[in-house]
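In: with the sequence up front, the predicted model follows.
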Amino acid sequence: MPSLGTLALTGIGTALLQPHHDSQPSLLAAWMAASARVTEYVGGTPEEIEIDGNESLLAEALLEDRLCVISDGSYKLGLGTAAVQLLPRKGGKERIIVRCQTPGLPDDQSAYRSELTDLLAGIMVVDWLLDQWVPTL
C-alpha cells in the first residue's frame with residue numbers, strides 16, 4: 001500500500017498528518033478537515049484513527065453492503081471512552097480502528113453517553129469514507 005503521508009505527534013493524544021499531494025483519496029483528509037473546524041464549544045472528532053490495509057477495499061465493501069461497523073463504549077470512574085472498528089464481512093485483513101474519549105465533564109459521563117459517542121464516531125468515519133472514495137453519491 002502506498003504511503004498516505006507523514007504523521008507527527010504534536011502533544012498527548014494529538015497528531016498532525018500531512019498527506020502527500022499525489023496520494024490517492026483517504027478518509028484521513030476528511031478527518032483532518034473536520035478536526036480543523038472543531039472549536040472548544042462546537043463539534044468533535046475522534047482522537048485516533050488507524051487504517052490497516054487497503055482503504056479502497058473497505059469503501060468497496062461499504063458499497064456492496066459487506067462492511068461491518070462494530071462499536072463499544074465504556075465508562076469508569078468519571079471517564080468515558082469509545083472505540084469502533086470497520087471491517088469487511090467474510091474475510092479480508094483491511095480494517096479501520098477509531099478511538100475516542102467521550103466528550104463532557106465528569107458529571108456528564110455515563111455508559112450511555114460513551115455508547116452514543118462510539119455510534120457517532122462510526123457514522124462519521126463511514127461518511128468520510130464515502131466522501132473520499134465515492135464523492136459523486
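Out: Perfect, I can see it now.
In: which parts of the chain are strands?
Out: Secondary structure of the chain (DSSP state E): strands located at 5-11, 14-19, 48-52, 67-76, 79-88, 95-101.
In: highest average neighbour count across the ones you listed?
Out: Of all the strands of the chain, strand 79-88 carries the top mean neighbour count, a mean of 21, counting by mean count of other C-beta atoms under 10 Å. Backbone N, C-alpha and C define where each C-beta goes, glycine included.
In: count of residues packed around the residue nearest to Ser35 when sequence neighbours are not counted?
Out: Take Ser35 and drop its neighbours on the chain: the residue closest to it by C-beta to C-beta, 6 or more residues apart in numbering is Thr45, 4.6 Å away. Thr45 has 21 neighbouring residues, counting by other C-beta atoms under 10 Å.
In: from Glu60, how far off is Thr45?
Out: For Thr45, the distance to Glu60 (C-beta to C-beta, to the nearest Å) stands at 24 Å.
In: and what of Ile70?
Out: Distance from Ile70 to Glu60, by C-beta to C-beta: 19 Å.
In: now Ala33
Out: 23 Å.
In: quick one, which of the two is more surrounded?
Out: Glu60 (17 against 12).
In: tell me who's in contact with the residue sitting furthest away from the middle of the chain.
Out: Using C-alpha atoms, centre = their mean, the residue of the chain lying farthest from its centre is Asp107. It sits 25.7 Å away. Listed by C-beta atoms under 8 Å, 6 or more residues apart in numbering, the contact partners of Asp107 are Gly78.
In: if I look at it, how far off is Gly73?
Out: In terms of C-beta to C-beta, Asp107 sits 17 Å off from Gly73.
In: one more: Leu129?
Out: Distance from Leu129 to Gly73, by C-beta to C-beta: 21 Å.
In: now swap in Trp31 and tell me
Out: For Trp31 relative to Gly73 (C-beta to C-beta), the value is 20 Å.
In: and for Leu27?
Out: 21 Å.
In: Trp133 now?
Out: In terms of C-beta to C-beta, Trp133 sits 27 Å off from Gly73.
In: repeat for Ala30
Out: Taking C-beta to C-beta, one finds Ala30 at 23 Å from Gly73.
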